[in-house]
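Visitor: My questions concern the predicted model and sequence given below.
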Amino acid sequence: ATLPSPDLTGLRGVLRTAVSQGAPGAMARLDDRGTVHQLAVGVADRRTRRALNNADRFRIGSVTKTFSAVVLLQLVDAGKLSLDAPVNRYLPGLLPDNRITVRHVLSHRSGLYDYSNDMFARSVSGFEAVRTKVFTYRQLVKRSLSHARTTAPGGAYSYSNTNFVVAGLLIEKLTGHTVGTEYRKRIIEPLKLRDTFYVHPGTALPGRYTRGYLTPDTSGAALVDATRQTVSWAQSAGALISSTKDLDTFLSALLRGKLMSAGALKQMRRWVPAGGSQAYGLGLRRRDLSCGVSVYGHTGAVQGYYSYAFTSGDGRRTLSALANSSNSSKVHTTMLRTLESSFCGTGAR
Ligand SMILES: CC1(C)S[C@@H]2[C@H](NC(=O)CCCC[C@H](NC(=O)C[NH3+])C(=O)[O-])C(=O)N2[C@H]1C(=O)[O-]
């Protein structure tokens, strides 16, 4: 079915609203069957007042989870991994329950507690305590296992970064390489993603980038420049750097079946309810919009950066957006409306 025409006026209005709500800058790149629209409002740097531009790279947070899922599904295609095998078959003794499978982990149904809940209960001090730290995957899993599980294996969806730290451990065990190497070999180089990097444990963003600003919990307190960080608390769950252009390319290629077999993509698109108008597959979100259109991709929230990368079912219309702000439900809710303007057009409710 053909999509409604994009509402570019509405899209620009959404970005302007996000900036009026406290984001220093907001931008979006819409690729509609090869016709590209790039919009940006506000600044990349509050000190220099340099204007934000779609050429600016940024931290993509949990959009990284989709990259990690792609690597693992390619390993399924290669016969090196079974989605319904226990994680402990590949990583003996890692998890306290042999019933937790790879599929449970990739669909947030493992019951593994999300260690970041404790880590960032106080947003600024929690961030400052870890921003330059380097964790091992096993240290992060250990933090999770110090808490009770949230559900029995295969129970209801319960989002947890721990799941995609386990995904990183699986990638490194099954390939003998770092996740950075596997992202580069399997996704970045084949798709020519020139702005996409995995620099962990480095703290610098390569080349041209936007700074990111964490909103403190205390209303009216000064924004915290969160740009320099290792993102070691997330790694394979959230540490990639990319651009709106590269995310458009990645999500479109994914939904057009360019990154794995049709069978593996079908597995990735087996949905479980994820609250409201959302569903979750394997490292992939489905959002059902007001006009009845469903879009596929992921959102990201890492200190200083809210990111959004979604495509239509046929991968022909793709939107990536960024606000260089975080810890602001107002900005996040507003930025989600970029999807409505892009895929529902003026018919968005
Ligand atoms: C489910 C989400 C939104 S949260 C999850 C992951 N990001 C995190 O788990 C980091 C949370 C702390 C971020 C911080 N918030 C606080 O410190 C709050 N006390 C801020 O906003 O800067 C990511 O990315 N995911 C998003 C996703 O998957 O869409």
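Guide: Structure's in. What do you need?

Visitor: okay, CA-based contacts and neighbour counts for the rest of this
Guide: Will do.

Visitor: Lys245: helix or strand, and which one exactly?
Guide: Lys245 is part of helix 244-255, with elements assigned from DSSP states H and E.

Visitor: mind listing what's buried in stretch 322-338?
Guide: Under the neighbour-count criterion of 16 or more other C-alpha atoms under 10 Å, stretch 322-338 has 322-328, 331-332, 334-338 buried.

Visitor: do stretch 83-92 as well
Guide: Residues Leu83, Ala85, Pro86, Val87, Asn88, Tyr90 are the ones in stretch 83-92 that count as buried (16+ other C-alpha under 10 Å).

Visitor: didn't the fourth one look like it was pressed against Asn98?
Guide: Yes - counting by C-alpha atoms under 8 Å, Asn98 is a contact partner of Val87 at 7.3 Å.

Visitor: still on that earlier bit, what distance separates the helix holding Lys245 from the centre of its chain?
Guide: Relative to its parent chain, helix 244-255 has a centroid offset of 12 Å by C-alpha atoms, centre = their mean, to the nearest Å.

Visitor: Summarise which helices and strands it is packed against.
Guide: strand 25-32, strand 305-312, strand 317-323 (3 or more C-alpha pairs under 8 Å, 6 or more residues apart in numbering; DSSP states H and E).

Visitor: Export those to a markdown table and append columns for distance to Cys344 and mean pLDDT.
Guide: Listed next are those as a markdown table, based on distance: least, C-alpha to C-alpha, whole Å; pLDDT from 0 to 100:
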| stretch | distance to Cys344 | mean pLDDT |
| --- | --- | --- |
| strand 25-32 | 13 | 98 |
| strand 305-312 | 11 | 98 |
| strand 317-323 | 12 | 99 |
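
Visitor: how about those strands, which one is nearest the ligand?
Guide: Taking C-alpha to the nearest ligand atom, strand 305-312 is the member of these nearest to the ligand, at 7.1 Å.

Visitor: need the residues of the stretch 101-250 of the chain near the ligand, please.
Guide: Contact residues (C-alpha under 6 Å from any ligand atom) of the stretch 101-250 of the chain with the ligand: Ser116, Phe120, Ala121, Arg122, Ser123, Leu214.

Visitor: how about 8 Å then?
Guide: For the stretch 101-250 of the chain, the residues in contact with the ligand (C-alpha under 8 Å from any ligand atom) are 114, 116-117, 120-124, 126-127, 159-161, 214-215, 217, 234, 237-238.

Visitor: Pull out the buried members of those.
Guide: Buried among those (16+ other C-alpha under 10 Å): 114, 116, 123-124, 127, 159-161, 214-215, 234, 237-238.

Visitor: What about those, which are in helices?
Guide: Members of these lying in helices (criterion: DSSP state H): Ser116, Ser123, Val124, Phe127, Asn161.

Visitor: List just the nearest of those to Thr203.
Guide: Phe127 (13.8 Å; C-alpha to C-alpha).

Visitor: who touches the closest one in this structure?
Guide: Listed by C-alpha atoms under 8 Å, 6 or more residues apart in numbering, the contact partners of Phe127 are Met119, Phe120, Gln303.

Visitor: Mind doing that once more with 7 Å?
Guide: Shown in contact with Phe127 (C-alpha atoms under 7 Å, 6 or more residues apart in numbering): Phe120.

Visitor: Distance-wise, check it relative to Arg228.
Guide: According to C-alpha to C-alpha, to the nearest Å, Phe127 and Arg228 sit 11 Å apart.

Visitor: sorry, back to before: next, format the buried ones among the residues of the stretch 101-250 of the chain next to the ligand as TSV and append pLDDT and distance to Val293.
Guide: As requested, these are arranged in TSV below (pLDDT from 0 to 100; distance: C-alpha to C-alpha, whole Å):
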residue	pLDDT	distance to Val293
Asp114	98	31
Ser116	98	32
Ser123	98	35
Val124	98	37
Phe127	98	37
Tyr159	98	24
Ser160	98	27
Asn161	98	28
Leu214	98	32
Thr215	98	32
Ala234	98	31
Ala237	98	27
Gly238	98	27
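
Visitor: In CSV: these, plus distance to Leu247.
Guide: Formatted as CSV, those follow (distance: C-alpha to C-alpha, whole Å):
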residue, distance to Leu247
Asp114, 26
Ser116, 25
Ser123, 27
Val124, 28
Phe127, 26
Tyr159, 22
Ser160, 23
Asn161, 21
Leu214, 22
Thr215, 25
Ala234, 19
Ala237, 16
Gly238, 14
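
Visitor: need the helices for the stretch 201-349 of the chain, in chain order.
Guide: 244-255, 262-268, 329-343 (DSSP state H, counting those that start in this stretch).

Visitor: right, and the pair among the buried residues of stretch 322-338 with maximum separation?
Guide: Asn327 and Thr338 (18.3 Å).

Visitor: residues contacting the residue nearest the centre of the chain?
Guide: Nearest to the mean C-alpha position of the chain, by C-alpha atoms, centre = their mean, lies Val63 at 1.7 Å. When contacts are counted by C-alpha under 7 Å, 6+ apart, Val63 touches Gly238, His298, Thr299, Gly300.

Visitor: Which residue, neighbours along the chain excluded, lies closest to the third one?
Guide: Think Thr299. Distance criterion C-alpha to C-alpha, 6 or more residues apart in numbering; nearest residue to Thr299, sequence neighbours excluded, is Tyr308 at 4.5 Å.
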